[in-house]
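# the following comprises the amino acid sequence and a computationally predicted model.
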Amino acid sequence: MAKEHPVKVRTSDFSVYYGQKQALFNIGIDIFDRKVTAFIGPSGCGKSTFLRSINRMNDLIDGTRCSGKLEVDGIDVYGKEVDVVTLRRSIGMVFQKSIPFPKSIYENITYGLTLTEKRSKDELDHIVETSLKRAALWEEVKDRLTHSAQGLSGGQQQRLCIARAVAVNPEILLMDEPCSALDPISTGKVEELITELKDTYTIVLVTHNMQQAARVSDYTGFFLMGKLIEFDRTRSIFTAPSKKETEDYITGRFG
Amino acid sequence: MSKHRFAAAQRHRGEHIAEWTIRIVASTSILTIFLIFVFVFRETTTLFSPDAQNIPSSSATAEEILTPELYNADALTAEEAHELNIPEVYNPETGTLGEPEPIALGGPELPRSSTKQVAERSVWNRLTDAAWQPVSSDPKFGIMPLLVGTAKTTFLAILLGAPLGILAAMYSAFFAPARVRNVLKPTIELLAGFPSVVIGFFCLTIVATLMQDLLGTEARLNAIVGGIGLSITVIPIVFSIAEESLSAVPKSLREASLALGGTEWQTAYRVMLPAAAPGVFAAVLLGIGRAFGETMIAIMATGNAPMLTAGIADPVRTVAATIGAEMGEVVWGSDHYGVLFLLGTILFVVSFGLNAITELYVKQRLIRKFQGQ
Amino acid sequence: MKTLASTTTSKKRLLGFFAVLVTVVAVVAIIGLLISMFGTFVVQGSGQLSWTFLTEAPRNNNTEGGIFPAIFGTTILVLLMTLLGVPVGTATAIYLSEYARQSAAFARAVRFAVNTLAGVPSIVFGLFGVGFFIQFVGGGIDNVTAGAVFGKPALLWASATLAVLTLPVVIVSVEEALRAVPRELREASLALGATKWQTITKVVLPNSVSGILTGSILAVGRGAGEVAAILFVGVVYSLERLPSSVTDQFMHLGYHLYVLSTQSPDVEKTLPLQYATTLVLLGLTFVLNFSAIYVRSRLRRI
């Protein structure tokens, strides 16, 4: 693997346990800055667990432990002096089920911004506009910013969630099957968005959909039963996988 | 980028304060249980201060004895309260009771023998009397009639309420169409919304007359009327909990039974009901706890006579009703007061025990059962 | 053989019929009881009910006149109770739903305590009110301030006693509401860098307002009808004037009914008053209960 880009997230020998059960086995991976990295694999293979380890969302589940190293910009995320809240501000996340807060569109975008400091109305207005524009939603909602976000369509809601994550200006954007609940047209819009956003953010995408990984990602990792089987440039994975399991999965022989 | 980019920021300090405040407030319930026990039990300590030997003779003045009607009982320490009691138990046989003679208390020359006499006729002895006559020159604090009365009404309440509640729960959980069930459940649970004083009043005016006409009982208010009244509070409790556990039986059990050729009702009685047995048992236990500790219905519908009889058509007096009826008039800090708190302690301990059984034993069994162990 | 088979099935069918019938009978009996109770009080009570009955003070040793002081006392009592109990109950529910690890010993102890509290007979709460609130807390304040204001039965102690008694009601319904808030909303908030407390105050609580409301209403419904617990902690049968401070004593609908029906010299004469008082008390508790059911059903629909 050529290292034309600096590494953003690096793990070595990283394992996660839910109580007695081991969910991830000795993951070692380099995720490159400002690239889209996709994780594929059958459900329950650990790809979401790994994604949620990066911003420590797994901490919320009782009895979760991990071992090994997971570094963001060389800082051990699970190190003692790390503050989870500060960490999560730098790592945005978009979930499978898009659920805007039951507030107005405007308030949804400003939610993350107003948590830490007071900002002027002008500044907030500006950020709301740019975030919605980045999420390709501005034109559709600019006239009803004060309306409830729950009145938006599913695809719009998911883009709102992306805008909400982008508004706090994170460095990494984690996306956990962001299109699994969307129709093909909305999916297309979100995928388009991902390609645009990668100029600014390091994007890690978990997807069930191999075509999607092939379409939008630069690198792809294949997970199977808690292990990272193969990780390479997307083109190599899909055209010349080096492991038999990967090939079986990609060619649809299981999963 | 600094190495401490993800290091803890100052602003989270409030977070710990918030969490600990929540935790401390959450402990209120635990603390309350503890305090209830301590403070209800504490008021019985007048009964425990061992005997007259402990009385510092110098402090026993006539003034203290003659001013027992103090509401702010902080003026009455346990010792002082004890002194108040002494005259009453002092000379039980002579019959010259009534107004205590302060002189009799005082002085180091108090004869040893009389102290012993006091010990012999202590409150503790009086608790085993066959009668409950707390306000008398020779008070009798026999709790047996009260316990028997409570047992009678509780038994009747469960006898009536538990089968009704369980059968109705079975109808709701197994036989009723979904639409009926959705209406039936909240309707029966309305019964729980009746204030007990209203149920008591209903028994006092309507049920009592009805039962007397029906059974021709001598006393208008008696254990039967009380039992019926208490069963009205038992029904919604038994129904709710039984219904919940019957509905929680896995559908697969029902399907398996039906697939083997069992009919709906066979499945309900022979498969579903036994499977939910621990939950139904818990429902009955909590029903017992409710009937046992209920005050207003017992006070209003049982006739309130602390008689030690076996008949269920006799008037009775329950433990809870005794507290309710007498606490208002008792001299704070007196023996009678202490005994009433002792009754309260009994009620608390029993309800605590019943709840502990349901929590620790029944729920464990339910969990084990449904997890296939 | 054939006849034997058919008799067994017809026997079985009969048995099955009775097995179901007996459950129907139970339901009918309970519903009948419910209707007869409502019916009695509505029929007997509505005649006496009038505007003056609701707004006037009792006269002639409570044998005539209205019950306004009792309505007033009950209302103030439950309001004060809500003020004292709902914050504590809500905080406990927040702990149980948001902070507690379900396996933690402390969380299990809290749950056990809440369930136990729900089963403690109300008369024991009354004794607790005397022993703890009046004697220990009130007496303690009096000792420190050298007054004689707090160490006696009063509105304040009755409310505090009821607040403790209704605590489980509040905790259970608020926790239910908090748990109904989707996990995804919490995660979305946390992923945006909100702290746990920010998530609770900005996302979780605003989404459970109706649950807190339900809990409060149910607690009020329970507290308004409760008599045994307040018998010795401040309720009185008649008052010269309405309570003006939390250290005053008060009249109460349920207690009023109790005394009128059992302690008054001429029970027969005041029977219409008793029915009317019952109807008012029932009306109050059921209006509260129904509104709780309504609020909760709306909550579930969201």
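All right, it came through fine.
# now do the contacts for residue C:178.
C:93, C:94, C:97, C:98, C:204, C:208, C:211 (CB atoms under 8 Å, 6 or more residues apart in numbering or on different chains). Where you see a C-beta, it was placed from the backbone N, CA and C, and this is true even at glycine.
# which of those residues are close to chain B?
Residues of these in contact with chain B (CB under 8 Å from any CB of the partner chain): C:94, C:98.
# which pair in the contacts of residue C:178 spans the largest distance?
C:98 and C:211 (13.4 Å; CB to CB).
# what sits against the residue nearest to the spatial centre of chain B?
The centre of chain B sits closest to residue B:293, judged by CA atoms, centre = their mean, with a distance of 3.0 Å. By CB under 8 Å, 6+ apart, residue B:293 lies in contact with B:320, B:347, B:350, B:351, C:120, C:121, C:122, C:123, C:124.
# where exactly do the helices run in the chain?
All of this refers to chain A. A:47-54, A:84-90, A:105-110, A:121-134, A:138-141, A:154-167, A:184-197, A:210-216, A:234-239, A:244-250 (DSSP state H).
# could you do chain C instead?
C:2-46, C:51-55, C:68-94, C:105-119, C:122-128, C:139-145, C:155-180, C:183-191, C:196-199, C:209-225, C:253-262, C:271-301.
# which of those is buried the deepest?
Highest mean neighbour count among the helices of chain C (mean count of other CB atoms under 10 Å in any protein chain shown): helix C:122-128, with a mean of 28.
# show me what the mean pLDDT comes to for that helix.
Here helix C:122-128 scores 95 as its mean pLDDT.
# give me the contacts around it.
Outside helix C:122-128, the residues touching it (CB under 8 Å, 6+ apart) are B:35-36, B:39-40, B:43, B:196, B:293, B:295, B:320, B:323-324, B:327, B:340-341, B:344, B:347-348, B:351, C:161-162, C:164-165, C:226, C:228-233.
# run the chain-centre distance for that helix.
Between the centre of helix C:122-128 and the centre of its chain there are 15 Å (CA atoms, centre = their mean, to the nearest Å).
# what do you get for stretch A:112-121?
24 Å.
# end to end on it, go ahead and measure it.
End-to-end distance of stretch A:112-121 (CA to CA, to the nearest Å): 15 Å.
# wondering if it reaches chain C at all.
Yes - Stretch A:112-121 comes into contact with chain C (CB under 8 Å from any CB), by way of A:112, A:115, A:116.
# report the buried residues of that stretch.
A:112, A:113, A:115, A:116 (16 or more other CB atoms under 10 Å in any protein chain shown).
# report pLDDT for residue 30.
Using chain A here. For residue A:30, pLDDT reads 92.
# nope, chain B
At residue B:30, pLDDT is 94.
# burial check on it, number of neighbours?
Neighbours of residue B:30 under the rule other CB atoms under 10 Å in any protein chain shown: 19.
# could I get the contacting residues of the nearest residue to it once chain neighbours are set aside?
Closest residue to residue B:30 apart from its sequence neighbours, by CB to CB, 6 or more residues apart in numbering or on different chains: residue C:113 at 4.3 Å. Contacts of residue C:113 were listed using CB under 8 Å, 6+ apart, and they are B:29, B:30, B:32, B:33.
# so which of these are in helices?
Per DSSP H, the subset of these in helices is B:29, B:30, B:32, B:33.
# no further questions, thank you.
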